[in-house]
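predicted model and sequence follow; I will ask about them next.
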Amino acid sequence: MSSGSARQRTVQFAADLGSWLPAFVLTAALVGLWELLAHLLDVQPWLLPAPSEIAEELVESFSLHMEHAWITLQEVTIGFALAALLGSLLAAAITWSRLVERSLYPIVIASQTIPIITLAPLLLVWVGPEMTSKVIVVVLISFFPVVVSLVDGLRSTDVEMANMMRTLGASRMQLLVKLRLPAALPYLFSGLKVAAITSVIGAVVGEWVGGRGGLGWLMKVSGPQFRTDRVFAAIFVLSVAAVLLFLLVVLAERWALRHHGPRVGSG
């Protein structure tokens, strides 16, 4: 049975790799076209460096990029974790009480109409240029998709199942813990996958406005120096970090939902 399970996991892994193959091929083709046009059109490196020049900068300044990537990674990790916790608590409270929903949910929605770029300078004044202001920006930009997705999930509980549990004497807390939350897990992970990407954006915004380090700060100071290759190298590192965080959420989703049936619309 264990060998069959291992074989099934191997087949699934190969299928997953195959599903990403078109994206890899398209990316390689676009990078190759970019490299070719940069040389054929004799584009100046300060204007638009070729991919080979970006790779050269990444290799030569690897320690520099990793130093600032570590700063950004700390901000993203802490902010993402807090956003997931805050979003989950808010969603549970909104679903738990009609009064909380009517009083709090509109405020949560209205908070997303304020451009985060306008709040970042205020946070810089209020809490200073250290990591705290960047973490707050990450939380503000990332908690909303968690709230919305989890609220939808908690509201999608099977009504007949909930009525049956009430008939058997289940309390509201038991309904939440044993029925609503397990059923809402796919929705929660959908929100977390969006938050994983927006958390990286939030960290960069915070560093851009008033940081002393991080990849966003590195891009900010490299632009006026016409180090366009360094800017693109930092963007590449950020993209890799965002993809890795997204994949971690996907792996956590597969582990958490390993006993769930296939979702509607899944292949």
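Structure received.

quick one: low-confidence parts of the stretch 1-150 of the chain?
1-18 (pLDDT under 70).

helices of that one, residue ranges please.
2-40, 51-60, 62-96, 98-111, 116-127, 131-155 (DSSP state H, counting those that start in this stretch).

quick one: closest of those helices to Leu244.
When the helices of the stretch 1-150 of the chain are compared by C-beta to C-beta, helix 62-96 sits nearest Leu244, at 9.7 Å. Bear in mind the C-beta positions are built from the backbone N, C-alpha and C, glycine included.

just want the angle from the closest one to helix 98-111.
For helix 62-96 against helix 98-111, the angle by axes from the mean of the first three to the mean of the last three C-alpha atoms, to 10 degrees is 150 degrees.

for Glu253, see how far away Tyr187 is.
According to C-beta to C-beta, to the nearest Å, Tyr187 stands 11 Å off from Glu253.

in terms of neighbours, single out the busier of those two.
Tyr187 (21 against 18; other C-beta atoms under 10 Å).

could you say which helix or strand holds that one?
helix 181-210 (DSSP states H and E).

same deal with Leu247?
helix 228-256.

returning to that earlier point: ok now the helix holding Tyr187, how far from the chain's centre?
A distance of 4 Å separates the centroid of the chain from that of helix 181-210, by C-alpha atoms, centre = their mean, to the nearest Å.

helices or strands up against that helix?
In terms of contacts (3 or more C-beta pairs under 8 Å, 6 or more residues apart in numbering; DSSP states H and E), helix 181-210 is packed against helix 62-96, helix 116-127, helix 131-155, helix 215-222, helix 228-256.

just the helices of the stretch 1-150 of the chain: most buried one?
helix 131-155 (a mean of 24; mean count of other C-beta atoms under 10 Å).

the inter-axis angle of that one versus helix 62-96?
Using the same axes, to 10 degrees: helix 131-155 against helix 62-96 is 40 degrees.

report the distance from helix 131-155 to the chain centre.
10 Å.

and for stretch 86-100?
Per C-alpha atoms, centre = their mean, the centroid offset for stretch 86-100 relative to its chain is 22 Å.

ditto for stretch 213-220
So, by C-alpha atoms, centre = their mean, the centroid of stretch 213-220 is 19 Å from its chain's centroid.

what of stretch 44-61?
Relative to its chain's centre, stretch 44-61 lies at 27 Å (C-alpha atoms, centre = their mean).

likewise for stretch 224-231?
26 Å.

other residues contacting that stretch?
45-49, 53-54, 56-57, 61, 218-219, 222-223 (C-beta atoms under 8 Å, 6 or more residues apart in numbering).

that older thread, which of the residues in the helix holding Tyr187 are buried?
181, 183-184, 186-210 (16 or more other C-beta atoms under 10 Å).

grab the nearest non-local neighbour of Arg39.
Quick fix: residue 39 reads His, not Arg. Ala50 (6.6 Å; C-beta to C-beta, 6 or more residues apart in numbering).

hmm, that neighbour is touching Trp34, no?
Yes: the criterion here is C-beta atoms under 8 Å, and Ala50 meets it with Trp34 at 6.9 Å.

pretty sure Pro186 contacts Leu257?
Yes: with contact defined as C-beta under 8 Å, Pro186 counts as touching Leu257 (6.2 Å).

contacting residues around the residue nearest to Phe232 when sequence neighbours are not counted?
Leaving aside its chain neighbours, Phe232 sits nearest to Ile54 (4.6 Å; criterion: C-beta to C-beta, 6+ apart). By C-beta under 8 Å, 6+ apart, the contact list for Ile54 reads 229, 232-233, 236.

between these, which has the most around it?
Ala233 (28 neighbours).

perfect, I'm done here.
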